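Asks: everything below, folded, please.
(one chain, ligands or ions: 1)
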Amino acid sequence: MMEEIHAPRGIKLNTKGWGQEAALRLLMNNLDPMVAKDPKNLIIYGGKGKAARNWEAFDKIIQSLKSLENDETLLIQSGKPVGIFKTTENSPRVLIVNAQIVPRWATDDIFWDLEARGLTMYGQMTAGSWIYIGTQGILQGTYETLSALAKKEFGKYSLRGKWVLSSGLGEMGGAQPLAIKMNEGVALVVEVDKDKINRRLRDKYLDEWTDSLDRALELKDKAVKSGTSISIGLLGNAATIYDELVLRKIVPDVVTDQTAAHDLNLGYIPEGYDLKGAYEYRDSNPSDYKKKVYESIVKEVKAIIWFKESGSKVFDYGNNLRTRAREGGYSRAFEIPGYVPAYLRDLFTIGSGPFRWLALSGEPNDIFAIDDKIIENFTEDEHLVNWIKLAKKMVHFQGLPARICYAKYGQRERLGLLMNEMVRKGEVSAPIAIGRDHHDTGSVASPFRETENMKDGSDAIADWPILNALLNAISGASWVSVHHGGGTGIGNSIHSGLVIVADGTKSAEERIKRVLNADPASGVIRHADAGYQSSIDVIKKGVKFRTPYF
Ligand code: NAD
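Replies: This is a model prediction of the structure:
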């Protein structure tokens, strides 16, 4: 059992180099109580997404990173450090593979049995790859999704005068109320756990809370009428509340859900139970419990279909709610569109996706200095500059100060080089760790989410994330990871991630040039190969790679 964990700050190394140091700090940062969902159990976010297999493995990872030389590579097998190899200074310091399982065995029952036996670990996306930055990480994606929705459905990049119904204020879902506000809309988010509501109020991701639907509707009506934005947390169960709104014939402008429905064991609380009651019931009668979860999910999804038919813009937000409803016997669940094909694919096709960086110093001013530099240097990209200005004003840091933005092919390399130069010139006080979510342009095969409904039908082809990881590793990323099951659960996705450290050196500059070109480029190629014209246009305009086809 560990004490509270906080990443070391400042410029004093606890390891033999900044690559190892960044891995150590970011692993510890994932487990900071300000960042993680359940740090005592090593759970970071998204159901049971963990950073290390168990506490013994965690201790051994830390020891390994402390002794790791600058030409060695540590291997992590599902959250457990298993070997250290002599490689080269330009090789990754860590290679991580989490939750891989031979496809025929890739079912929830088999995986979670192996997990309970201590043989594997569920790493979600950035939990087991040590680049989770708290709710801000998802904030940008949610902001982008909603602003793309606003533009497509309502004709302008604003949700002013519109209200959004959603549920789940967990690690990812907790970003929704602020993202809706940043888009000038009104958020009503249902959450079954009062502690989650309290946490979002504390971090200023939520303005108000109530346990009364009438009160929530009153607040919502007032704000919609006056065109002001407000976020309201409603303590309750999504299945009950969505159904009640249907009975009252109240139609939101936008409807989604971000409970952790991908995880039937602890991600979706069935109607009529609080958290404690649900877990007791689950432990005493697992199969009846599962039935109740399915019944509630089906009830909620039926309500969402009614909202859709009544004029709401509805979308599935990447938590596999539709699949669960279909498994529960509701055949119309997939009439709800996935958010990627509906709103985000256009960004993925140009190599754009959630790019992020952390100040290893722990100094917020380092992030603000980079914000200012971006505002100064990227004037041609108004959307990016607006986001950075909004984020600087409204985003509360959790753990090590960090920033995220959607950056496309070309921009990522420019941003990385700019940060490396700032480190070199002493404009920030310590190196910067640069990475991204696995939910990205070229790094994921996930037919219920990122690769749903691809133009050429290649939704389930999983060669791309593996190629992406191999390419990032040989290009010199500081660490690279390949995971299974993130986002949409076991059997449903394969994805990869990377981190590269800008320590101001010439060698970092060269690696940044390679990695931050190769990584988004693999997304451009993946989408060009699937027939997306905007990807082909990016290639034709001029890129730093060659392809025999375009
Ligand atoms: P989480 O486990 O931290 O939070 C889920 C929340 O839902 C909890 O607070 C829980 O109390 C609440 N909840 C559960 N059942 C409920 C019910 N019936 N009614 C109301 N509230 C209920 O999970 P998270 O990290 O917030 O992730 C949510 C989902 O989003 C996961 O399925 C995750 O895989 C998925 N996800 C989406 C994206 C994306 O980009 N859209 C990215 C990563 C993960």
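
Asks: which parts of this protein sit against the ligand?
Replies: Proximity of the chain to the ligand (C-beta under 6 Å from any ligand atom) is limited to residues 37, 45-47, 138, 141, 167-173, 190-193, 196, 237-239, 258-262, 267-269, 296, 317-319, 439, 487. Any C-beta I mention is one placed from the backbone N, CA and C, and that applies to glycine too.

Asks: give me the subset of those residues lying in helices.
Replies: 138, 141, 196, 238-239, 296 (DSSP state H).

Asks: look up how far residue 511 lies from the closest residue to residue 408 other than its chain neighbours.
Replies: Counting by C-beta to C-beta, 6 or more residues apart in numbering, residue 408 lies nearest to residue 352, which is 3.7 Å off, once chain neighbours are set aside. Applying C-beta to C-beta, to the nearest Å, the value for residue 352 to residue 511 is 22 Å.

Asks: and what of residue 113?
Replies: In this view, residue 113 and residue 511 are 40 Å apart by C-beta to C-beta.

Asks: show me what secondary structure element comes after the strand or helix carrying residue 358.
Replies: Element membership for residue 358 (DSSP states H and E) is strand 353-359. Later in the chain than strand 353-359, the nearest helix or strand by DSSP H and E is helix 364-377.

Asks: got the angle for that following helix vs strand 353-359?
Replies: When axes from the mean of the first three to the mean of the last three C-alpha atoms, to 10 degrees is applied, the directions of helix 364-377 and strand 353-359 differ by 130 degrees.

Asks: run the chain-centre distance for helix 364-377.
Replies: Relative to the centre of its chain, helix 364-377 is centred 23 Å away, using C-alpha atoms, centre = their mean, to the nearest Å.

Asks: packing partners of the next helix-or-strand element following that helix?
Replies: Next in sequence after helix 364-377, counting helices and strands by DSSP H and E, comes helix 382-394. On a contact count with 3 or more C-beta pairs under 8 Å, 6 or more residues apart in numbering; DSSP states H and E, helix 382-394 meets helix 136-154, helix 176-182, helix 364-377, strand 402-407.

Asks: looking at the protein, which residue is nearest the ligand?
Replies: residue 170 (1.7 Å; C-beta to the nearest ligand atom).

Asks: surely that residue meets residue 257?
Replies: No. In this structure, residue 170 is not within contact of residue 257 by C-beta atoms under 8 Å, at 11.6 Å.

Asks: so these two - more neighbours on which side?
Replies: Using other C-beta atoms under 10 Å, the more surrounded residue of residue 170 and residue 257 is residue 257, with 29 against 24.

Asks: about what we covered before: of the helices and strands packed on helix 382-394, which is nearest residue 87?
Replies: strand 402-407 (28.1 Å; C-beta to C-beta).

Asks: count the residues that sit near residue 211.
Replies: The number of residues packed near residue 211 is 12, by other C-beta under 10 Å.

Asks: now do it against residue 165, distance only.
Replies: 17 Å.

Asks: cool, and residue 390?
Replies: According to C-beta to C-beta, residue 390 stands 23 Å off from residue 165.

Asks: looking at these two, which one has more neighbours?
Replies: Higher neighbour count among residue 390 and residue 165: residue 165, with 29 against 16, using other C-beta under 10 Å.

Asks: wait, a helix at the more buried one?
Replies: No. According to DSSP: H, G, I helix; E, B strand; the rest coil, residue 165 belongs to no helix; its state is strand.

Asks: in contact with it, which residues?
Replies: Counting by C-beta atoms under 8 Å, 6 or more residues apart in numbering, residue 165 touches 188-190, 242, 245, 252, 254-256, 307, 312.

Asks: list phi and psi for residue 97.
Replies: With angles defined as degrees, to the nearest 10, residue 97 sits at phi -130, psi 120.

Asks: isn't it up against residue 473?
Replies: No. Using C-beta under 8 Å, residue 97 makes no contact with residue 473, being 11.4 Å away.
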